[in-house]
Structure formats: C-alpha cells, structure tokens
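[1] Pasting a predicted model and its sequence here:
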Amino acid sequence: MAAPNVAPATRPRSKTPVTIITGFLGAGKTTLLNYILKEKGSRGIAVIENEFGEVNIDRELVADNLLAKEDLVSLENGCVCCSLRKDIVKAFAEIERRQRVQPGKRVDAIVLETTGLADPAPVAFTFFANPWIASRFRLDSIICVVDARYLIQHLEDGKHPDGTVNEAVQQIAFADLILLNKVDLVRDEEAKEQVLSAIRAVNTSARIVECQLNQEAERPPMDMLLFNNLFSVNRVLEQIDPQFLDSDSDSETSEDSHGCAVQPGTLGERGQAGAVAGGATGGAVGPSDAAAAQAAAEPPSSSGAGGAAQDSAAAGAAQETGAAQEGAAGTSQNAAARTSGKAGTSHDADSSGMSRLLRKYRGQNPPLAGHKHGRDELDCEDNCEECFIVDGAPIKGERNPKRRAKRLHDLSDVSSVGIMARGMLDEYRFNMYMRDLLSEKAKDIFRCKGILSVHGYGSTKFVFQGVHETICYGPAEQPWKADEQRINQVVFIGRGLDRKALIEGFRTCVWVDLPDGWDEYRDNATKQPFYVNRNTGEKMWTRPEIACARVVATQGATQQPSKLLPKQKQQPQQQRSSAQAPSAQAVAAAASEPVRV
Ligand SMILES: Nc1nc2c(ncn2[C@@H]2O[C@H](COP(=O)(O)OP(=O)(O)OP(=O)(O)O)[C@@H](O)[C@H]2O)c(=O)[nH]1
C-alpha cells in the first residue's frame, strides 16, 4: 500500500543560542571573543560584531581567529542598541543565509559583541519581540566584561545631575555573568573590594568572576561562557526593568539611548522599530495551542538553526510563547538558581504571558512619507504593516511594538573620529602625538585603537590599544601581507573630541621621505629625531619638508580605506627652519652614533 501523501507536521525547530558580550569601551570584550573563538574546538560559532567607531579595527582583530570570514557579520559605525537596532535582524538573517548557501555549515552558537556604549536592554528585547528571531534563536546569556581599573570612573561619569544613569550601569544590571577583568591592574585588595561592591550595588544576582582575559591561565573556563542558558526574563522584569517588554505608545518625542532627540518617523525611531519588525507578524498569526505547548516543552538546544524562513510564523509564535510565558511565570525558583550562580530556566510555562505580550505588540503607525515597502519584514525600511507578509499575504492592522524609548542616557557629546593614512608612521612622532594627546585628554578619550605600519619595522603590523591613559602597542598576530595595502587606521572614541586637531596631529606622524641631501639622526638621550643636510651642514629638529601625508578622516560612516585614500604619491614640499636647529652637542652625539632611519 502506498504511503499516504501527508505533509509532515511542523516541528518546532531547535534554536541557536546567542551570547551577548557587553561591557564598557576597552573592558576586554574582543579579548574574550578571541578567547572563545580560539577555544571553541569543533563547535561552529558565528560572530556578530558591532563597532561604534568610524573605522572598524575589531573586524581585523577578530577575523584572524575565525576559521572562515563568512563566520563574521560586522555592524559598523553605530550601536545595535539604537541606530543599528534594525540591523540586528539583518545580521541574524545573514548568518542564516550563509548557512543555507553552504551545505554542511553548522552554527552551534552565535556570539554578539556589542559596542562599549551599548545598552544591552534593547538588544535583549529583540529576542522576545521579533518572532522571526525568536523562532530561530534564543538568548543564552548576557556576559558583561568589566574593567576593574576604570569601572568606578565610568560609573561616576554616568551620574548626571538629573539622576540618570549611563551605559556602564545598564551593562552591569542586565548581565547574567560578570567578568571582572584586568584584576592585574588593581592589586590593592581594598580597591578591588570597592569595585566588587559597586558591581553588587547594581546587580545582586549575577555571578561575578575575577579574571585576566589577556592571560591564558587567568581566563574563565569555556563551559562557563557558552551554552549556559543563564538569561532569564523574569529576573529582568523583577530586578531591573519591569517595563522591559512594554510598548511605548505614549511617547511622541523621545531620545535614543545615546541621547539624540528622536522624532517619530526619524531614523532613530525607525531603527528602534526595525528591531522588532516581526512583532506584528507573530502577533497577527498567533500560536496555535499545539505550537504553544510545543514551544513550552522544547528544550534549549545548541544545534544549528538552518532552514528557510517560511516557517517563521509558526516557529516564531512558539518561541514567543516561551518568552511571554517566562515573563509571567513564577520566579522564585529562577531567582534562587540565579543567586547561587546557576542557570535559571528560560522556558517556564504560563499561558497568560502570551496574550500579555501580544497585546503590547498592537498599535497603529502609518508608514512614513516616501516609504519604500520591502519584500518582507526584513527588508522593510519602516516596518510598516503592509510589509508584514505571512504566507504570502500582508498582515493588516498589526504593528510592531515600539520599544520603550530610553531617556536615561546622556552620551550626546560622545563621538568617534576615525583616521586613515596610507604608508608608514614615524614611530617617534606617533609616540609624541599620543603622549601629548593623553596628557591632556586621557579622561575624555575613553578608547583609542589602531592598526599601524611603522617605518623601520618591515612587514610587522602593529596593533595599538588605548583605554584612557593605559596604552599598549605591539605586533599583531599576522604581519602585513605582501599584497596588502599599508593603511594605518586609528579610531578615537570619547567625549568632546576635536576632530580637526586629531586629524592634523596624525598627519604629522606619517612618514614622508626626506628631500635629497637630508639625513635623519636621533638624539641619544631623548631619541628625538633631528635632521642634517650633508651638503650644507644645516641642522634642524623639524623635518625639512611639510609632511603632506594623505590622511583621511572618515565622515560619519565607516568607509573602506582603499576607497578613501588616493593611490598616487605626492611630492613633499620644502619647509626649513634653522631657528629650530639642534644643538652642536646633539649633532656631535648623533654623529658619533648615528641612527639612520
Ligand atoms: N592589563 C590587562 N589588559 C587587558 C586584559 N584583558 C584585555 N586587556 C587589554 O585591554 C585592551 C582592550 O581590550 P579589548 O578586548 O579590545 O576591549 P573591548 O572591550 O573589546 O574594547 P572596545 O571594543 O573598544 O569597547 C587591550 O589592549 C587588551 O589587550 C587584562 O586582563 N589585563
């Protein structure tokens, strides 16, 4: 007898766990991510990397540890918690797409590194609000990396006169696991105890682990970091933000989490709406009882997501049910488990949670003027209701939830300046540039980092890392490749940055060949270079030309260095100043032990 032609019942898919790594600028997130990637063994890990700076340095620092560059999706020059919120959905979709087009490719877990200025709340919210994401991915845990040396300063910075808080506080508050990093920089037990108290004052339940992520022996074990199922909506609702899952229908004008005023319909709000685009889809379709039951029963899984988007509605509803259920479920068990540092369950059952969540997702917002409809909710610019397509038909009358707008932050004066320069840097000048800059501005420059090519060091590629006044620079894991363009890239992130001065200063650091007849020497004591004209005997401290290096600062968007910088070499112009000539002793000293560069 022929088998009946019956379509197999839709089975709930197992969801790929996602770990969010958060923590203030320079705390050690990328160091942690690199450790995870190096120690991942046979597990397939995809990375979503979000960088605030105008030049993406982390992409380069992380890529070396990935087996394939396809495992990395970068979200650049913005923050996933506000301006790039919509892009989170796209990033997850991209990971799925890459799995589909590469048969056999497995993604067992995803690690999302946020910017150091991100509020993790809206990112976490996306896992519950967007059915497309919720059907495929589950939030495994939020790990916050804390810089033991600077935490107190960052928390203090966050105390604004109006009593509002900053991202450093939010990051700690939302963490399931807190890695107290850089304990090597806080040797004094009393100072460390102060830092621990400051953390506990914000988050009483997260496990705190002291570590030194840049030292192999001082890192937390891998099994503490991934697949730990620590995230609990209950804890968030009870202990941090009772309105975590709320809509924000009452706000006409709000601020994004970086303090930028946002009018309804402007980019910031669209970004917010985007992250939760699928909400209406899930809300419109709703789970069947069976799907809800399946979702409640489904165990967390570490297997790959895989599969196409068609079953998103059913599966989305399933996860959404799980999320909503947890939101309303009895919590004492979770709280107890979390206080002891163990995983709480994320899938407690409570059927009232579903309707509660769906109610919050209903609203009405017309599409913006000039709106271009997308093919589906991932494409739609404004997440308008016409674009919520389920089973080929638009879903009318449903609207994504509007994430409660944050009004607690003031980072309006924080910006990033990215600078790129082709060629090589003059080591001495660059050191002086950084020294002068940090002696004046270390408090306001939260973070600087760069990839450098330094004159006199062959193919060694240097990585330069700065957190306030703590600066280190050393060789990158890989040298410059023979066919790689030598482009120096640096980025500064901080408060009240003077873009013009930073660019002009950097310009003077670029190595430019000396005009004919001139040689460079170094003062033995200070290592300061000076210049001697071997024909005329003229000597001076300043370079005998204007360093007309081609330095380009990015203009608000992350750009490819090769597209920005002109290729042809310009001739240096002459500029001499004998008024700044070095002393006779300096020249004599140099002559006895010249360092030609
Ligand atoms: N002393 C010390 N330095 C560390 C430790 N862990 C990381 N670092 C250094 O801290 C600097 C910043 O580390 P990253 O991992 O880039 O920090 P991040 O949080 O990713 O920085 P952003 O992405 O810019 O916010 C680097 O120079 C690291 O080598 C540590 O345990 N001790």
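    Done, it's in.

[2] For the rest of this, base every contact and every neighbour count on C-alpha atoms.
    Noted.

[3] How many neighbouring residues does Leu497 have?
    18 (other C-alpha atoms under 10 Å).

[4] how near is it to Ile57?
    With the distance defined as C-alpha to C-alpha, to the nearest Å, Leu497 ends up 19 Å from Ile57.

[5] now swap in Lys86 and tell me
    Here the criterion is C-alpha to C-alpha. By it, Lys86 lies 22 Å from Ile57.

[6] of all of the stretch 201-350 of the chain, which residue lies closest to the ligand?
    Going by C-alpha to the nearest ligand atom, the ligand is nearest to Gln212 of the stretch 201-350 of the chain, at 3.2 Å.

[7] Which residues are in contact with that residue?
    By C-alpha atoms under 8 Å, 6 or more residues apart in numbering, the contact set of Gln212 is 181-184, 218-219.

[8] sec struct for it, please.
    Under DSSP: H, G, I helix; E, B strand; the rest coil, Gln212 falls in the coil class.

[9] do Ala482 as well
    coil.

[10] ok, it to the ligand distance?
    According to C-alpha to the nearest ligand atom, to the nearest Å, Ala482 stands 26 Å off from the ligand.

[11] Count the neighbours of that residue for me.
    A total of 8 residues lie near Ala482 under the criterion other C-alpha under 10 Å.

[12] now do the one 10 residues further on
    The number of residues packed around Phe492, counting by other C-alpha under 10 Å, is 23.

[13] which bits of the protein sit near the ligand?
    24-31, 115-116, 181-182, 184-185, 212-214, 465 (C-alpha under 6 Å from any ligand atom).

[14] run the last query once more with 8 Å
    22-33, 51, 58, 113-117, 145, 181-185, 211-215, 447-449, 464-467, 471-473 (C-alpha under 8 Å from any ligand atom).

[15] burial of Ala201, as a residue count?
    If we define neighbours as other C-alpha under 10 Å, then Ala201 has 12 of them.

[16] what about it, which helix or strand?
    In this assignment (DSSP states H and E), Ala201 forms part of helix 189-202.

[17] where are the low-confidence patches of the stretch 201-350 of the chain?
    In the predicted model, the stretch 201-350 of the chain carries pLDDT under 70 at residues 243-350.

[18] I should have written the chain there, sorry.
    In the predicted model of the chain, residues 1-13, 53-56, 58-59, 61-70, 76-85, 158-165, 243-412, 545-597 satisfy pLDDT under 70.

[19] for Ile419, phi and psi?
    Main-chain dihedrals, Ile419, degrees, to the nearest 10: phi -130, psi 140.

[20] Distance-wise, check Ala46 relative to Lys449.
    Relative to Lys449, and taking C-alpha to C-alpha, Ala46 is found at 24 Å.

[21] And Ser197, by the same measure?
    Counting by C-alpha to C-alpha - Ser197 and Lys449 are separated by 30 Å.

[22] Looking at the two, which is more packed in?
    Under the criterion of other C-alpha under 10 Å, the comparison of Ser197 against Lys449 puts Lys449 first, with 25 against 13.

[23] beta partners for the more buried one?
    Counting by DSSP bridges, Lys449 is bridged to Gln465, Val491.

[24] residues touching it, list them.
    Neighbours of Lys449 in contact, by C-alpha under 8 Å, 6+ apart: 57, 463-466, 490-492.

[25] do the same with Thr31
    213-214.

[26] what about Leu437, helix or strand, and which?
    Assigned by DSSP H and E, Leu437 falls within helix 427-441.

[27] Can you list the buried residues in that helix?
    Under the neighbour-count criterion of 16 or more other C-alpha atoms under 10 Å, helix 427-441 has 427, 429-430, 433-434, 437-438, 441 buried.

[28] Quick check: chain neighbours aside, which residue is closest to the residue of the stretch 301-450 of the chain found nearest the ligand?
    Distance from the ligand to each residue of the stretch 301-450 of the chain (C-alpha to the nearest ligand atom) is smallest for Arg447, at 6.1 Å. Closest residue to Arg447 apart from its sequence neighbours, by C-alpha to C-alpha, 6 or more residues apart in numbering: Val467 at 4.7 Å.

[29] Spit out the contact partners of the one you found.
    Val467 neighbours (C-alpha under 8 Å, 6+ apart): 25-26, 445-448.

[30] cutoff 6 Å now
    Contacts for Val467 were tallied using C-alpha atoms under 6 Å, 6 or more residues apart in numbering; they are 26, 446-447.

[31] From His455, how far out is it?
    Val467 sits 25 Å away from His455, going by C-alpha to C-alpha.

[32] what's the answer for Val463, then?
    Relative to His455, and taking C-alpha to C-alpha, Val463 is found at 14 Å.

[33] out of those two, which sits in the more crowded spot?
    Remark: of Val463 and His455, Val463 carries more neighbours, 22 against 18, as counted by other C-alpha under 10 Å.

[34] other SSEs contacting the helix or strand hosting Arg98?
    Using DSSP H and E, Arg98 sits within helix 85-101. For helix 85-101, the elements it packs on are helix 267-275, judged by 3 or more C-alpha pairs under 6 Å, 6 or more residues apart in numbering; DSSP states H and E.

[35] what do you get if the cut-off is 10 Å, keeping everything else the same?
    Counting contacts by 3 or more C-alpha pairs under 10 Å, 6 or more residues apart in numbering; DSSP states H and E, helix 85-101 is packed against strand 45-51, strand 72-76, strand 109-113, helix 120-129, helix 131-136, helix 267-275.

[36] Which neighbouring elements make contact with the third one?
    In this structure, strand 109-113 packs against strand 16-22, helix 29-38, strand 45-51, strand 72-76, helix 85-101, strand 137-147, with contacts taken as 3+ C-alpha pairs under 10 Å, 6+ apart.

[37] Nearest to Glu504 among the contacts of Val467?
    Ranked by distance to Glu504 (C-alpha to C-alpha), the contacts of Val467 are led by Arg447 at 19.0 Å.

[38] out of the contacts of Gln212, what pair is the most spread apart?
    So, these by C-alpha to C-alpha: farthest apart are Asp184 and Arg219, at 12.3 Å.

[39] Looking at these two, which has the bigger crowd around it?
    The residue with more neighbours, out of Asp184 and Arg219, is Arg219; 17 against 14, by other C-alpha under 10 Å.

[40] show me what contacts the more buried one?
    Contact analysis of Arg219 by C-alpha atoms under 10 Å, 6 or more residues apart in numbering lists 32, 35, 179, 181, 209-213.

[41] Can you turn the buried part of those into a ChimeraX selection?
    In ChimeraX syntax, the buried subset of the contacts of Arg219 is picked out as below (16+ other C-alpha under 10 Å):
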select :32,35,179,181,210,211,212,213
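
[42] would you list the helices and strands packed on strand 109-113 in JSON lines and tack on distance to Met224?
    Converted to JSON lines, the helices and strands packed on strand 109-113 look like this (distance: least, C-alpha to C-alpha, whole Å):
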{"stretch": "strand 16-22", "distance to Met224": "12"}
{"stretch": "helix 29-38", "distance to Met224": "11"}
{"stretch": "strand 45-51", "distance to Met224": "16"}
{"stretch": "strand 72-76", "distance to Met224": "23"}
{"stretch": "helix 85-101", "distance to Met224": "24"}
{"stretch": "strand 137-147", "distance to Met224": "10"}
